[in-house]
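Peer 1: take a look and give me a structure for this.
(chains A and B)
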Amino acid sequence: MANKIARLNAREQDPAARARNFEEVSYGFTADEARLEASRCIQCKKPFCMSQCPVSIQIPQFIERVREGDFAAAAEIISRDSLLPSVCGRVCPQETQCEGACVLGIKGESVNIGKLERFVGDWSLANDIFKPTRPIPNGKKVAIVGSGPAGLACAADLAVMGYEVVIFEALHRPGGVLVYGIPEFRLPKEGVVAREISKIESLGVRIETDVVVGRTLTVDSLLAEDGFGAVFIGSGAGLPYFMCIPGENLNGVVSANEFLTRANLMGAYHPDSDTPIFSGPRTVVVGGGNVAMDAVRTARRLGSEAYIVYRRSEAELPARVEEVHHAKEEGIEFRMLCNPIEVLGDERGWVRGVKCIQMELGEPDASGRRRPVEIEGSEFEIPCETVVMALGTSPNPLIASTTEGLETNRRGCLVADEWGATSRPGVFAGGDAVTGAATVILAMGAGRKAATAINDHFDQKLFSLVTTYN
Amino acid sequence: MSFKILQKRELTPDTVLMRIDAPRVARAARPGQFVIVRVSYQGERIPLTIADYDPAAGWVAIVTQGVGASTRRLNAMDEGDSLTDFAGPLGRPSEFIDLSPEELARKKFLFVAGGVGVAPVYPQVKWLHERGVAVDVIIGARSADLLILTDEMRAVCDNLYLSTDDGTAGYNGLVTGLIKELIDNRAKTYDEVVTIGPMVMMKFVARTTADYGLPTIASLNTLMVDGTGMCGACRVTVGGTIYFACVDGPEFDAHKVDFDEAMRRQTMYRDFESAADHKCKIGLDR
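Peer 2: This next block holds a predicted model:
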C-alpha cells in the first residue's frame, strides 16, 4: 500500500556534460527505482490520472504490476491503449495530464507516472516481449498518409483488426515529428523510435518512404486506382511560421523546423553526416514552446551561447516545465518579455544581431493569457550570429490542395469530426493536420479514434451493399 | 524501394546524366518539377531538377554536376547501383501546362539555359514541342566542350542557338548578348521567356528581357532540406513577398525575384562544401 516516501525522479546526465553531447538527458528508472516509485501509488478507486490520459491507459493497474515486479504484465496493460510507451513516457506533458490529476499531487508530489511508463516501455523493448497478433486478413486496404504518431497509432489498430495497411511517408525515414523534430537527447532515434516503429511493422503494417502524397500519389488516386477503401491523413503540421520582420531572410536565420531537421533527421551534428548545420557563437531562438526549447538546447550542444527570446513572461511559456528546467540547467539564458522587431545584418548579409523591444503584460487576450504590449522606446540589441524562429507551425496545404472536396479551416487545418471523418467520405484525418501543432499523445488518440471510425466506415459500406442487393 | 540507375552517361568530365528506375515519380512528373535524392544512409537530401521522364518505361532522368561531396558521390555511382532515396516529383509544374491548346498556339517561347540548367529546360521544351508550340532555345556555356544535351535539345525545338564565352561554338559572348542579337538583329519575336541556370545568369537574363517587356519565368535552384515545405531553407523574396521555392515554386516571375538575396542565401553553407574546389564551369567566377 501507499507509503510516505518522496517522489523519485530519474537520474540525469550532468548538465555541464550533456550540454556538450546529444545523448539522452534522463537515464530513466532502474527496476528497483521503478518498483519503489510504483509503491507510492495509492491505487485510487476513481483514478483521475486515467481520466486525464488522452488514450485512457489503465494507469493504477500497470503501476500495481510494476510494484509487484511483473513488468511483462504491466507492459501488456499499457499495450491495450498505447503502442508507444517508450515514446510517450518521454515526451507526454504528464504534468498537465495524468500526473497533473494525481491525488498525491494535491498535498505533496504526484507519482512519477511518466518515468514509470517509460520504464515499462523500455523494459519491454529490451526484453523483446512484444508478440504481434496477426489476425486473419479481412481483405480490405487502408492507406495512411504520414508515419508520425497519428498515422502509426491508426495503422496499428487497423492492422490488429485485420486490415491491410500501407503508410506513405514523404521523408526518407519513418516517424514524422518523432524523427525530424524531437531531438535525440529527449527521444533516442535508434534505441526508441525505430524499435517502436518496428513493433508496428511486425503487425503487418507496410511503410513506404519517399512517397509525397499530393505529388507522387494523390488521395484520389489511392482511392480510385490503388484499391484503398479508406485513407487516413496524419500529415502533421509541418509548415513553419515566420515573423515577417525586416532581415528575416538574412543568412543565419532559420526556422526551428530547418534547424531541428538538419540536426535530427539528417544527423548533421554527427561527423559522418553530409548535411551541414550552422550555429554561430551566439544563437537566439525566438519562441517559448517545446520546439523552441529543443532548438535552443540543440544550439547549445553545437557550441553556441544560446538564448530564448519570448514576448510574454516565464509564467506563460508554453513549453513543458521540465524542458525549461533542463534548458536552464544547461546554461540557456531566458530573455522574457522581449520581442524581436528586426534581424540586423552585416555588410555580407549575415546576421549580426536581433533588435528587440521590451514588452509588458496587458489585459488578457483571446487565449486567456495576458497580452504582451510593447514598451515604447525600449528597443535594444542582442548580438548574435544565428537566429532560429520557433513560432509554431501550420499544416502543409499540399494534401488539401490536391484532394477533391477536402475542407480546411482558416488556419489551414483539415476539418474533421471527433472521429476523424472529413468532408470527403472515406477520407479520415487526425493529429496536428486537424488540430494544428499539439502533442504526440493527442495525435495518437486521434489516430486510434479514426481507426475505429474507419472500421465502421467499412461496415457501413458492406451494410449498404447488402441492403442494395436485397 | 530501390531506385536503380538504369543508365549513366557522362556529359562533361564532371556532369553526369542518369536514368533512374522510379515508376511512381515517372508517372506523376510534369515539366518544371524536381526530385530529392539521397545516395547513402548518411547522405544529404539533394534537390535535382527532372531532366526527362518516361511514364511508360518508368524512369526519370537527372543531370548532376559534381560540385560538392554529395553530388560527386552521386556521379561516382554506376549503372546497376541503387540510390537510397528518390522522392518526387516536387514543386509546382510549369504554369504553361495549364494553358489551353489555343492559348499555347498563340505563344512563342524562348528558353535560355546555362550550365546544368539545360537539363530541366529539356522536358519543358519537349512538352511544348510535342504540342506544336513554337520554341527557340539558347544554351550558353563558357566553352564548347561544356555545352550539354545540344543534340537532344535540337530534336525538340524550332531553333537552337548556342553561345560560348570564348567563341568556340555559336555566338561569341554571354547569353544576354545573344538574346539581344536575336531580337534586335535577327527580327525574332517572343511572347515568353523561361530561364534556368545559375542565379547570376538568370538575374541578367531577367534584366535583359525586362528591357524588352518580355514576361520571364526563372526556376530557382535554392538550398533545400526536405523539399516539401517543412524547413523554409528555400525562402525567396518575389515582389516583396517571401515564398518557399520548394512548394510555391520552383518557377517564379523573374522580373520580381530578388536575385541578389537568392544568391547570397545560396552561399549560406558554402564553407561546409569547401568552396575552394568548386571551379565555375560557365565562367561566372571572373
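Peer 1: assign residue 135 to helix, strand or coil.
Peer 2: Going with chain A. coil (DSSP: H, G, I helix; E, B strand; the rest coil).
Peer 1: residues in contact with the nearest residue to it once chain neighbours are set aside?
Peer 2: Excluding the flanking residues, the one nearest residue A:135 by C-beta to C-beta, 6 or more residues apart in numbering or on different chains is residue A:162, at 4.4 Å. (Glycine included, C-beta is placed from N, CA and C.) Residues near residue A:162 by C-beta atoms under 8 Å, 6 or more residues apart in numbering or on different chains: A:135-138, A:140.
Peer 1: measure residue A:162 to residue A:203 for me?
Peer 2: 11 Å (C-beta to C-beta, to the nearest Å).
Peer 1: do stretch B:30-40 and chain A meet?
Peer 2: Yes. Shown here: stretch B:30-40 in contact with chain A (C-beta under 8 Å from any C-beta of the partner chain) through B:38, B:40.
Peer 1: list the buried residues of that stretch.
Peer 2: Of all the residues in stretch B:30-40, those buried under the rule 16 or more other C-beta atoms under 10 Å in any protein chain shown are B:30-39.
Peer 1: closest to chain A out of the residues you listed?
Peer 2: Closest approach to chain A among the buried residues of stretch B:30-40 (C-beta to the nearest C-beta): residue B:38, at 5.9 Å.
Peer 1: just confirm the closest one contacts residue B:84, I think it does.
Peer 2: Yes. In this structure, residue B:38 is within contact of residue B:84 by C-beta atoms under 8 Å, at 4.6 Å.
Peer 1: quick check: neighbours shared by those two?
Peer 2: Counting by C-beta under 8 Å, 6+ apart, the residues touching both residue B:38 and residue B:84 are residue A:172.
Peer 1: mind listing what the residue lying closest to residue A:351 once chain neighbours are set aside touches?
Peer 2: Nearest in space to residue A:351, with sequence neighbours left out and distances taken as C-beta to C-beta, 6+ apart, is residue A:252 at 3.5 Å. Residue A:252 makes contacts with A:278, A:280, A:350-351, A:385-387, B:268, as judged by C-beta under 8 Å, 6+ apart.
Peer 1: list phi and psi for residue A:252.
Peer 2: phi 110, psi -10 (degrees, to the nearest 10).
Peer 1: picking up where we left off before, biggest separation within the contacts of residue A:252, which pair?
Peer 2: A:387 and B:268 (12.7 Å; C-beta to C-beta).
Peer 1: more neighbours, those two?
Peer 2: residue A:387 (28 against 19; other C-beta atoms under 10 Å in any protein chain shown).
Peer 1: got TSV for the buried residues of stretch B:30-40, with secondary structure too?
Peer 2: Converted to TSV, the buried residues of stretch B:30-40 look like this (three-state DSSP):
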residue	secondary structure
B:30	coil
B:31	coil
B:32	coil
B:33	coil
B:34	strand
B:35	strand
B:36	strand
B:37	strand
B:38	strand
B:39	coil
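Peer 1: as JSON lines, these with pLDDT would be great.
Peer 2: Below are these laid out as JSON lines (pLDDT from 0 to 100):
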{"residue": "B:30", "pLDDT": "96"}
{"residue": "B:31", "pLDDT": "96"}
{"residue": "B:32", "pLDDT": "95"}
{"residue": "B:33", "pLDDT": "96"}
{"residue": "B:34", "pLDDT": "96"}
{"residue": "B:35", "pLDDT": "97"}
{"residue": "B:36", "pLDDT": "96"}
{"residue": "B:37", "pLDDT": "96"}
{"residue": "B:38", "pLDDT": "95"}
{"residue": "B:39", "pLDDT": "93"}
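Peer 1: excluding chain neighbours, what is closest to the residue of the stretch 101-250 of chain B found nearest chain A?
Peer 2: Closest approach between the stretch 101-250 of chain B and chain A, counting by C-beta to the nearest C-beta: residue B:231, at 3.7 Å. Spatial nearest neighbour of residue B:231, chain neighbours left out: residue A:258 (3.7 Å); criterion: C-beta to C-beta, 6+ apart.
Peer 1: right, and that neighbour touches residue B:225 too?
Peer 2: Yes. Counting by C-beta under 8 Å, residue A:258 does reach residue B:225; the two are 5.9 Å apart.
Peer 1: between the two, which contacts overlap?
Peer 2: B:231, B:233.
Peer 1: before we move on, the earlier item: are any of the contacts of residue A:162 buried, and which?
Peer 2: The buried subset of the contacts of residue A:162 - by 16+ other C-beta under 10 Å - is residue A:140.
Peer 1: and the contacts of residue A:162, which is the shakiest by pLDDT?
Peer 2: Checking pLDDT across those, the minimum falls on residue A:135 at 85.
Peer 1: tell me which residues touch that residue, please.
Peer 2: Applying C-beta under 8 Å, 6+ apart to residue A:135 gives the contacts A:160-162.
Peer 1: residue B:61: which of the residues you listed is nearest?
Peer 2: The closest of these, once distances to residue B:61 are taken by C-beta to C-beta, is residue A:162, at 42.0 Å.
Peer 1: ok, that closest one to residue A:149 distance?
Peer 2: 23 Å.
Peer 1: and if you look at residue B:259?
Peer 2: 41 Å.
Peer 1: how is chain B divided into domains?
Peer 2: Domains of chain B are assigned by automatic domain parsing as B:3-90, B:95-219.
Peer 1: which residues are in contact with stretch B:231-248?
Peer 2: Contacts of stretch B:231-248 (C-beta under 8 Å, 6+ apart): A:240, A:242, A:244, A:248-249, A:254-255, A:257-258, A:261-262, A:396-398, B:47, B:90-92, B:220, B:222-229, B:249, B:252-253, B:256-258, B:261-262, B:265.
Peer 1: can you list the buried residues in it?
Peer 2: Buried residues in stretch B:231-248 (16+ other C-beta under 10 Å): B:231-238, B:242-248.
Peer 1: the residue of the stretch 101-250 of chain B closest to chain A should be in a helix, yeah?
Peer 2: No. Under three-state DSSP, residue B:231 falls outside any helix and is assigned coil.
Peer 1: mind checking pLDDT for it?
Peer 2: For residue B:231, the model assigns a pLDDT of 93.
Peer 1: what about it, distance to residue B:85?
Peer 2: Counting by C-beta to C-beta, the gap from residue B:231 to residue B:85 is 16 Å.
Peer 1: can you pull out the low-pLDDT segments for the stretch 1-150 of chain B?
Peer 2: B:1 (pLDDT under 70).
Peer 1: dump the contacts of residue A:162 to CSV, plus distance to residue A:324.
Peer 2: Converted to CSV, the contacts of residue A:162 look like this (distance: C-beta to C-beta, whole Å):
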residue, distance to residue A:324
A:135, 44
A:136, 49
A:137, 48
A:138, 47
A:140, 46
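Peer 1: so where do the strands sit in the stretch 51-200 of chain B?
Peer 2: B:59-65, B:82-83, B:85-90, B:108-114, B:134-141, B:159-164, B:171-172, B:192-196 (DSSP state E, counting those that start in this stretch).
Peer 1: right, so of those strands, which gets closest to residue A:175?
Peer 2: Using C-beta to C-beta, the nearest of the strands of the stretch 51-200 of chain B to residue A:175 is strand B:85-90, at 15.0 Å.
Peer 1: understood, closing this out.
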